[in-house]
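A.B. asks: my questions are about this predicted structure, shown below with the sequence.
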Amino acid sequence: MESIFHEKQEGSLCAQHCLNNLLQGEYFTPVDLSSIAHQLDEEERMRMAEGGMASEEYRTFLQQPSGNMDDSGFFSIQVISNALGVWGLELILFNSREYQSLMINPIGLT
């Protein structure tokens, strides 16, 4: 490896910078991550509609802002996970059963 890619932090685009630094290149832009967030929002809207579009829960849901992104540059962990999936990578949560079953020791202690 000739050099290590490091994308300098701009604003609150932590997810974008984290992903690009992990992948070692300029692979994701705020527009890319926003697209993933909008797709997740639409999937959530469709799931909520299954309970009835006239329900109080559905109407309340529609009035709330996106939980997957905001104007500050925040992107949810679901957006990050889906972005990693584009590369065939999987996010394994630290406290998940899957992580525990792998018996991964992140700091090298035995």
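C.D. replies: Alright, I've got the coordinates.
A.B. asks: list the buried residues for stretch 30-37?
C.D. replies: Under the neighbour-count criterion of 16 or more other CB atoms under 10 Å, stretch 30-37 has Pro30, Leu33, Ser34, Ile36, Ala37 buried. Yep, even glycine has a C-beta here, placed from its N, CA and C like the rest.
A.B. asks: residue ranges with poor pLDDT in this protein?
C.D. replies: Along the chain, segments meeting pLDDT under 70 span 1, 103-110.
A.B. asks: could you show me where the helices are in this protein, in order?
C.D. replies: Defined through DSSP state H, the helices belonging to the chain, from first to last, are 14-23, 30-49, 56-63, 77-86, 97-102.
A.B. asks: so how far is stretch 69-87 off the chain centroid?
C.D. replies: Taking the mean of its C-alpha atoms, stretch 69-87 sits 3 Å from the chain's own mean (CA atoms, centre = their mean, to the nearest Å).
A.B. asks: just stretch 9-28 next, same as before
C.D. replies: For stretch 9-28, the distance from its own C-alpha centre to the chain's C-alpha centre is 12 Å (CA atoms, centre = their mean).
A.B. asks: hmm, back to that, reformat the helices of the chain as a markdown table; add distance to Asp70.
C.D. replies: Formatted as a markdown table, the entries for the helices of the chain read as follows, by distance: least, CB to CB, whole Å:
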| stretch | distance to Asp70 |
| --- | --- |
| helix 14-23 | 12 |
| helix 30-49 | 9 |
| helix 56-63 | 15 |
| helix 77-86 | 11 |
| helix 97-102 | 28 |
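A.B. asks: tell me which of the ones you listed lies nearest to Ile4.
C.D. replies: Closest approach to Ile4 among the helices of the chain is made by helix 14-23 (8.7 Å; CB to CB).
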